[in-house]
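Q: next come a sequence and a model predicted from it.
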Amino acid sequence: MKGLVILGSTGSIGENTLLVAGRHPERYRIVALAAHSNHETLFAQCQRFRPEFAVLVDRAAASKFAARVASAGLGTRVLAGTEALSTVATLPQADVVMAAIVGAAGLAPTLAAAAAGKSLLLANKEALVLAGALLLDAARASGARILPIDSEHNAIFQCLPSGGEPGAAPRGVARIVLTASGGPFLKTRREDLASVTPEQAVAHPNWRMGPKISVDSATLMNKGLEIIEACHLFSVTPERVGVVIHPQSIVHSLVEYDDGSVLAQMSQPDMRVPIAHALGWPERIASGVPALDLVQIGRLSFEAPDCERFPCLALAQEAARTGGTAPAVMNAANEVAVAAFLGRRLNFASIAGVIESVLRQHEAGPVRGLDDALAADAWARERAHAVLTSRQAAGA
Ligand code: NAD
Ligand code: MG
């Protein structure tokens with residue numbers, strides 16, 4: 001019986017993790033659940049799973065929540081504030097930590113879990129983009145195992161030679177190919193992209209995800225972040241990570257070997273599959289997802305990505321090649337631009353322009369420690385807000 005902590009339990013990955021873990025009560029006991037402010041969902045989760053600890057970062061929400069937990073007699077200890085995330089991520093009774101907070105906010109507790117030697121199920125790709133080398137170093141030093149949850153990286157992990165460890169250069173591998181659905185605007189004309197709405201952008205054709213990653217999928221920045229994620233997890237250079245558009249989202253990624261063999265992992269597009277893979281690893285456990293019916297699917301198609309209509313992909317490839325603080329800066333500018341788009345303060349087609357403008361102002365330096373990564377992140381947020389303000393002033 002393993003103790004499981006879920007950071008970001010009220011989100012899309014968090015809820016799917018509870019669905020899978022809930023099928024296997026003989027394997028997993030929920031030690032702690034943590035979220036930002038959604039106390040309604042967290043309360044329902046606590047009623048069902050009775051964790052020892054529950055965290056809400058938002059203190060006002062936490063005090064409301066604590067009163068409800070107490071009057072229901074759940075016996076769950078309620079903690080509040082950002083530091084509480086790292087507290088529960090490093091509890092001695094926690095064996096496995098699901099890192100499923102969205103954005104750079106997830107970095108500190110994810111790093112804390114890695115440093116504490118926990119088995120780390122890593123969904124929070126922004127933490128890797130911001131400070132991948134630090135995270136991998138911390139895991140190596142403590143002996144923490146990292147199991148990728150992002151469906152593409154989980155697929156690659158499954159297709160690498162057995163015993164392949166994240167962070168170790170895979171032998172005999174020529175190239176890694178990430179598949180991308182292309183998002184809701186795969187067929188949208190360039191001139192129509194400026195007027196798409198947040199509602200259209202978050203309506204992903206194949207996956208139900210949180211709003212930020214849904215917008216990233218629509219701009220293809222998600223694939224850009226995933227290139228950087230793959231470089232860290234599998235010790236490959238950006239030149240060896242390809243991207244192919246595959247609108248059906250059945251093939252989740254591929255590994256090309258030196259002998260010309262290509263291995264792919266396939267499943268229904270449902271995050272319970274990679275989550276169950278990581279929760280069960282090295283065994284296989286049920287996810288609740290039905291098997292693939294290839295005859296019913298009938299046809300799988302592949303095409304090249306269009307970097308003209310989706311410039312975020314090229315920006316990320318450039319940041320990946322530059323390295324150092326460039327990925328952290330790109331990630332932070334993207335978080336600010338996506339929030340502005342979701343808040344209807346920026347049009348969809350201008351997201352890339354904001355990121356590019358911040359990257360052009362940046363002179364990349366080395367990431368020697370967490371301070372360098374956090375300073376680059378803070379600098380880029382400030383620059384991105386300034387770019388937004390000047391665009392608004394110019395009526396753009
Ligand atoms: P979501 O928006 O549905 O959920 C985010 C979770 O993080 C919520 O529980 C929220 O309370 C918490 N959170 C947000 N800000 C926080 C903060 N400042 N402090 C503490 N907690 C905070 O997002 P999601 O779709 O579940 O994605 C989570 C992560 O997993 C992202 O990094 C995303 O890129 C990655 N991911 C998601 C999917 C997917 O299918 N949803 C697939 C691959 C990777
Ligand atoms: Mg993915």
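A: That came through, no problem. Ligands and ions are numbered 1, 2, ... in the order given.
Q: alpha carbons only for contacts and neighbour counts from here, please
A: Fine.
Q: so, low pLDDT: which residues of the protein?
A: Applying pLDDT under 70 to the chain picks out residues 162-167, 396.
Q: in stretch 187-200, which residues are buried?
A: The neighbour-count check on stretch 187-200 (16 or more other CA atoms under 10 Å) flags Leu193, Pro198 as buried.
Q: got a list of contacts for that stretch?
A: Pro184, Phe185, Val215, Arg309, Phe341, Leu342, Arg344, Asn347, Phe348, Ala349, Ser350 (CA atoms under 8 Å, 6 or more residues apart in numbering).
Q: run the last query once more with 7 Å
A: The contact list for stretch 187-200, computed with CA atoms under 7 Å, 6 or more residues apart in numbering, reads Arg309, Phe341, Leu342, Asn347, Phe348, Ala349.
Q: which of these tops the neighbour count?
A: Comparing the contacts of stretch 187-200 by number of neighbours (other CA atoms under 10 Å), Phe348 comes first, having 25 neighbours.
Q: so what's that residue closest to, chain neighbours aside?
A: Among residues not flanking Phe348 along the chain, Ala194 sits closest, at 5.4 Å (CA to CA, 6 or more residues apart in numbering).
Q: with Gly183 instead?
A: Excluding its sequence neighbours, the residue lying closest to Gly183 (CA to CA, 6+ apart) is Ala218, at 4.6 Å.
Q: ok so that neighbour is a helix residue?
A: Yes - under DSSP: H, G, I helix; E, B strand; the rest coil, Ala218 sits within a helix.
Q: now for the contacts of stretch 187-200: which two are most distant?
A: Pairwise distances across these peak at 19.7 Å for Arg309 and Leu342 (criterion: CA to CA).
Q: just the residues contacting the top helix by length along the chain, thanks.
A: Identified as the longest helix of the chain according to DSSP state H is helix 370-393. Residues from elsewhere that reach helix 370-393 (CA under 7 Å, 6+ apart): Leu130, Ala131, Thr325, Ala328, Val329, Ala332, Ala333, Val336, Val354, Val358, Val367.
Q: next up, the contacts around the fourth one.
A: Contacts for Ala328 were tallied using CA under 7 Å, 6+ apart; they are Val129, Leu130, Ala373, Ala376, Asp377.
Q: surely it is in a helix?
A: Yes - membership of Ala328 in a helix is supported by three-state DSSP.
Q: could you say which helix or strand holds Leu313?
A: Following DSSP states H and E, the helix or strand that holds Leu313 is helix 311-322.
Q: can you spell out which helices and strands pack onto that helix?
A: Under the contact definition 3 or more CA pairs under 7 Å, 6 or more residues apart in numbering; DSSP states H and E, helix 311-322 sits against helix 221-234, helix 326-342, helix 351-361.
Q: next, Glu256: phi, psi?
A: The phi/psi pair for Glu256 (degrees, to the nearest 10) reads phi -100, psi 130.
Q: same question for the one 10 residues further on.
A: The phi/psi pair for Met266 (degrees, to the nearest 10) reads phi -130, psi 150.
Q: does it touch Ser249 like I think?
A: No - under the criterion of CA atoms under 7 Å, Met266 makes no contact with Ser249, lying 8.6 Å away.
Q: give me the more crowded residue out of the two.
A: Between Met266 and Ser249, counted using other CA under 10 Å, the more crowded position is Ser249 (23 against 16).
Q: would you list every one of the strands in the stretch 1-150 of the chain?
A: With DSSP state E, counting those that start in this stretch as the criterion, the stretch 1-150 of the chain has strands at 2-7, 28-35, 53-56, 77-80, 96-99, 119-122, 146-148.
Q: which one of the ones you listed lies closest to ligand 2?
A: Proximity to ligand 2 (CA to the ion) singles out strand 146-148 among the strands of the stretch 1-150 of the chain, at 10.1 Å.
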